[in-house]
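In: Pasting the sequence and the predicted coordinates here, then a few questions.
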Amino acid sequence: MSGMCSAPDCLQEATQKCSGCKTAFYCGATCQKEQWPLHKKECKINRMLYDMEQKHEEEEAKKPVQKPRKTHCTGCNGKFKEDWLEVDQECPDCGYITCESCSCHDSKGTCYCQSSNFGYKYCDREPQTYHFGKGGRPYNGDYHPSKQGGYELNRDDLPEAFEDVPRACSTCGETVHCLKKEYRNWNNRYSFF
């Protein structure tokens, strides 16, 4: 969930959070009840702060993404020469533009899009730790990598990693067998093979 239990003498991993403020985490009901006299004082204030943060995030998400100017690299802010546009990558969706120095391989998360990178959808790929979007938030959508796409983690070779029933992908809408949630942590990929 979110690290360690908020109780000062407890070293357990937190599996629950305070339903009031959503900011205090506990290993279980016992620690939560023991901490309530201390937490009670800060719970309402933390809830107000949490609500303000959520409202701000919602407002930011509703704002249209301002596309970066085409005269400068979005990565380093270096100005392109007027007579020769040194653009290496440009995202068709968010307008993020890079020079050759700031460019990464097209599978690495570098543009502002939440579910794709320079027009390449994350859902078609294997899960990676660098799949991030606007504001540094990780991509949490579905994955359905295929053998045809050249991925090791695919339904043909590892059917147990995919859902039994096809459904619409939350990102692209295609009806496919999506990767099970427990296989999305691609950091442990070598334990699968």
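Out: Looks like it came in fine.

In: Now the residue positioned nearest the centre of the chain, what are its backbone angles?
Out: By C-alpha atoms, centre = their mean, the chain has its centre lying nearest to P138, at 1.3 Å. Main-chain torsions, P138, degrees, to the nearest 10: phi -70, psi 150.

In: Likewise for R167?
Out: Dihedral angles (degrees, to the nearest 10) for R167: phi -150, psi 170.

In: now do I97
Out: phi -130, psi 140.

In: List the buried residues for stretch 116-130?
Out: For stretch 116-130, the neighbour count (16 or more other C-beta atoms under 10 Å) marks 116-118, 121-128 as buried. Yep, even glycine has a C-beta here, placed from its N, CA and C like the rest.

In: Any chance of JSON lines for those residues, columns distance to Y151 and secondary structure?
Out: Output for the buried residues of stretch 116-130, formatted as JSON lines (distance: C-beta to C-beta, whole Å; DSSP: H, G, I helix; E, B strand; the rest coil):
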{"residue": "S116", "distance to Y151": "17", "secondary structure": "strand"}
{"residue": "N117", "distance to Y151": "16", "secondary structure": "strand"}
{"residue": "F118", "distance to Y151": "19", "secondary structure": "coil"}
{"residue": "K121", "distance to Y151": "13", "secondary structure": "strand"}
{"residue": "Y122", "distance to Y151": "12", "secondary structure": "helix"}
{"residue": "C123", "distance to Y151": "12", "secondary structure": "helix"}
{"residue": "D124", "distance to Y151": "9", "secondary structure": "helix"}
{"residue": "R125", "distance to Y151": "7", "secondary structure": "coil"}
{"residue": "E126", "distance to Y151": "5", "secondary structure": "coil"}
{"residue": "P127", "distance to Y151": "10", "secondary structure": "coil"}
{"residue": "Q128", "distance to Y151": "11", "secondary structure": "coil"}
